[in-house]
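[1] Sequence first, predicted coordinates after that:
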Amino acid sequence: MAHVSNSPVIDTRSGFCKSNSTFYSKRRPTPFPANDTLDVTTFISSRAHHGTTAYIDASTGQRLTFSDVWKSVESVSSALSDIGIRKGDVVLLLSPNSIFFPIVCLSVMSLGAIITTTNPLNTEREIKKQIADSKPVIAFTTAELVSKLAGSNLPIVLIGSGTGIGSNIRMVNTLNNMMMNKPNPNRIKERVTQDDTATLLYSSGTTGASKGVISSHRNLIAMVQTVIGRFRLEDDQQTQTFLCTVPMFHIYGLVAFATGLIASGATVVVLSKFEIHEMLSAIGAYKVSYLPLVPPILVALVNNADQILRKYDLRSLKWVLSGGAPLSKELTEGFMEKYPGVTIMQGYGLTESTGIGASTDTVAESRRYGTAGLLSANMEAKIVDPDNGKALPVNKTGELWLKGPTVMKGYFSNPEATMSTLDSMGWLRTGDLCYIDEDGFIFVVDRLKELIKYKGYQVPPAELEALLLTHHEIDDCAVIPFPDKDVGQFPMAYVVRKNGSNLTETGVMDFISKQVAPYKRIRQVAFIKSVPKNPSGKILRKDLIQLATSKL
């Protein structure tokens, strides 16, 4: 009699299981700590590694060793505890990249308090909205950015030095003072579990306005394991050096540079703001081996390769990590031809999946052109037909659903948005149309969601449309992604003018640019008689995209 196994039969080549229409990760599963009472900061600090220097400021050369970092985290968390910050309190961090950014994040999370970050380019209006939603009790910011919090009445801890801070700012301390603080030996630490909330990052999700994504300590611990596994840093006797070019307030920057890599003993060189010449100089100066970036930077590296290689020493560079959008075969081949010693690795992820959900991790995997990679360790996927909800097999296109230990808990105080994105079994609807091939590689075909990706930043059309409709000369409008080889996509507006209006393209662009961060600005305008909509009133964006791109 044949033995009947209850475990699903998984095709070893594609990772697909016919009986439940689920794709399983082909990566080696990573172990998780069994101890449920564990915060991500303690998890990271207790890992053994060979590293000595944790962070280097690219412009000043200032260094923080691992022991400097952990001493500072202990001091800052003790100082926060002394002023009454408790488990569950939200702490706002408004800062450009800096070697102190991770210290603030790790200190806050070690208390069981919740870190919420915001983009330094955001306007006062955008930051105010996030404060109203997340209700922080204190904020960390720099002298240059403090004016953006002037109307909030939040107590402020200043990062770095600064003079001329307005009298309407409630400055309670400086980070420097907190780092010098002697930790209180009698401090009672609250019990933090892996299921407690660690971060509240704002994402446009699959639709519309920005929402707070709740990630737990378990989500971050699982992502730390994924980051370490991906770069095989555990087996590395030699310390690797990463250049932090992406914003730390963003999920990509936060999980890689403020949490993941510090657990592995790698050195992170921090650029306070992105500037291509500073980035290239830093590679030579600090012997950088890993360079994370978004596709538009890769385009610039290929187009100016001869000049760059003459001027900069890039001999230490071994890996380029690209995220934010898929790379074309031409771009990948062009890069490998110009920089033969450097391998491109791709990553795919969302704020809702706490960063990486799939990636290419080797030279061979990178040669599978156009792919977002293989599913990360411990991840499962489904490809679901958006019309009938049926899960599809290999090489069929549908919406990518993800499930695994890094998937968020939900959206903050927004049960409707949570229910439309997470199903009852914990599957995350990504809003991306994808297929998975016979070898388990994911290919992103299109977006079901309507986000515009400008240089890797998310721009929700709905937000810009709502602002445009407040203009007294605009009757109706639609905002679409316009493809651009340098930035990926930029926002283009179709505008219906009110009768008798002489509103110009410049008038529309100026109206928006005063109210939003630079990456959200409208960069092209066309006037039309009416916006095409379906019977239920939904804008037919596809038709407008076709109209806009037919002239290319």
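    All right, it came through fine. Treat the numbers as computed from the prediction; the structure is a model and nothing was measured.

[2] And the strands in the stretch 51-200 of the chain, which stretches?
    53-57, 63-65, 90-94, 114-118, 138-142, 155-159, 170-174, 197-203 (DSSP state E, counting those that start in this stretch).

[3] Nearest to Ala282, out of these?
    strand 53-57 (8.9 Å; C-beta to C-beta). Just so you know, the C-beta spots here come from the backbone N, C-alpha and C atoms, and that holds for glycine as well.

[4] just checking, what packs against the closest one?
    Packing partners of strand 53-57 (3 or more C-beta pairs under 8 Å, 6 or more residues apart in numbering; DSSP states H and E): strand 63-65, helix 66-82, strand 267-270.

[5] before we move on, back to that, out of the strands of the stretch 51-200 of the chain, flag the one nearest Leu374.
    strand 197-203 (23.8 Å).

[6] the inter-axis angle of the closest one versus strand 114-118?
    Per axes from the mean of the first three to the mean of the last three C-alpha atoms, to 10 degrees, the angle that strand 197-203 makes with strand 114-118 is 20 degrees.

[7] Pass me the low-pLDDT residue ranges in the stretch 151-300 of the chain, would you?
    Scanning the stretch 151-300 of the chain with the threshold set as pLDDT under 70 gives 164, 204-208, 234-237.

[8] Including distance to Lys211, could the strands of the stretch 51-200 of the chain go into CSV?
    Converted to CSV, the strands of the stretch 51-200 of the chain look like this (distance: least, C-beta to C-beta, whole Å):
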stretch, distance to Lys211
strand 53-57, 31
strand 63-65, 33
strand 90-94, 15
strand 114-118, 12
strand 138-142, 20
strand 155-159, 26
strand 170-174, 28
strand 197-203, 6
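
[9] To Leu314, which of those strands lies closest?
    Evaluated with C-beta to C-beta, the strands of the stretch 51-200 of the chain place strand 53-57 nearest to Leu314, the distance being 17.8 Å.

[10] which outside residues touch the closest one?
    For strand 53-57, the surrounding residues in contact (C-beta atoms under 8 Å, 6 or more residues apart in numbering) are 62-66, 68-69, 98-99, 102, 239, 262, 267-270, 272, 286.

[11] List the contacts of the spatially closest residue to Ala372 that is not a sequence neighbour.
    In space, and not counting its chain neighbours, Ala372 is closest to Tyr348: 3.5 Å by C-beta to C-beta, 6 or more residues apart in numbering. Shown in contact with Tyr348 (C-beta under 8 Å, 6+ apart): Gly323, Ile356, Gly357, Ala358, Ser359, Ala372, Gly373, Ile442, Val444.

[12] where in this structure is pLDDT low?
    By pLDDT under 70, the low-scoring segments of the chain are 1-6, 164, 204-208, 234-237, 535-537, 552.

[13] mind giving me the domain split of it?
    40-52+63-224, 452-549 (automatic domain parsing).

[14] could you pull out the helices for the stretch 301-450 of the chain?
    Listed in chain order, the helices of the stretch 301-450 of the chain (DSSP state H, counting those that start in this stretch) span 305-311, 329-338, 363-366, 415-421.

[15] What segments of the stretch 251-400 of the chain are strands?
    Under DSSP E, counting those that start in this stretch, the stretch 251-400 of the chain gives strands at 267-270, 290-293, 319-322, 343-350, 355-359, 373-375, 380-384, 391-392, 398-403.

[16] Which among those strands is found nearest to Leu145?
    The closest of the strands of the stretch 251-400 of the chain to Leu145 is strand 267-270. By C-beta to C-beta, the value is 16.9 Å.

[17] For the closest one, which helices and strands make contact with it?
    Strand 267-270 packs on strand 53-57, strand 241-244, going by 3+ C-beta pairs under 8 Å, 6+ apart.

[18] Parallel or antiparallel, list what pairs with that strand.
    strand 53-57 (parallel), strand 241-244 (parallel) (DSSP bridges).

[19] Throw these into TSV and include distance to Ala222 and mean neighbour count, thanks.
    Formatted as TSV, the strands paired with strand 267-270 follow (distance: least, C-beta to C-beta, whole Å; neighbours: other C-beta atoms under 10 Å):
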stretch	distance to Ala222	mean neighbour count
strand 53-57	22	21
strand 241-244	20	25
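
[20] Would you mind putting the ones you listed into a markdown table with distance to Gly431 alongside?
    Shown next, in a markdown table, are those (distance: least, C-beta to C-beta, whole Å):
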| stretch | distance to Gly431 |
| --- | --- |
| strand 53-57 | 35 |
| strand 241-244 | 28 |
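
[21] So for Ser19, which of the strands of the stretch 251-400 of the chain sits nearest?
    Closest among the strands of the stretch 251-400 of the chain, using C-beta to C-beta: strand 391-392, at 11.1 Å.

[22] picking up where we left off before, mind listing the residues bridging to the residue nearest to Ala372?
    Applying DSSP bridges, one finds that Tyr348 bridges with Ala358.

[23] Which stretch among the strands of the stretch 251-400 of the chain is buried most, on average?
    The highest mean neighbour count among the strands of the stretch 251-400 of the chain, using mean count of other C-beta atoms under 10 Å, belongs to strand 355-359: a mean of 28.

[24] Strand 343-350 and that strand, what's the angle between them?
    130 degrees.

[25] residue contacts, the residue most central in space within the chain?
    By C-alpha atoms, centre = their mean, the mean C-alpha position of the chain lies nearest to Ile251, the distance being 2.9 Å. Residues in contact with Ile251 (C-beta under 8 Å, 6+ apart) are Leu201, Ser203, Val213, Gly349, Leu350, Thr351, Thr354, Gly355.

[26] With distance to Ser167 added, can I get those residues in a markdown table?
    As requested, the contacts of Ile251 are exported to a markdown table (distance: C-beta to C-beta, whole Å):
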| residue | distance to Ser167 |
| --- | --- |
| Leu201 | 32 |
| Ser203 | 36 |
| Val213 | 36 |
| Gly349 | 43 |
| Leu350 | 42 |
| Thr351 | 37 |
| Thr354 | 40 |
| Gly355 | 41 |
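
[27] these two touch, right, Ile442 and Ala372?
    Yes. Between Ile442 and Ala372 there is a contact at 4.6 Å, judged by C-beta atoms under 8 Å.

[28] who touches both of the two?
    With C-beta under 8 Å, 6+ apart as the test, Ile442 and Ala372 both reach Tyr348, Ala358, Cys434.

[29] can you tell me which of those residues lies nearest to Ala517?
    For these, the nearest to Ala517 is Tyr348 (24.3 Å; C-beta to C-beta).

[30] show me what contacts Phe527?
    Counting by C-beta under 8 Å, 6+ apart, Phe527 has contacts Tyr494, Val495, Val496, Arg497.

[31] and which of the residues you listed is nearest Asn304?
    When those are ranked by distance to Asn304 (C-beta to C-beta), Tyr494 comes first, at 34.4 Å.

[32] For burial, what's the neighbour tally of that closest one?
    When neighbours are defined as other C-beta atoms under 10 Å, Tyr494 has 24 of them.

[33] a helix runs through it, doesn't it?
    No. Using DSSP: H, G, I helix; E, B strand; the rest coil, the assignment for Tyr494 is strand, not a helix.
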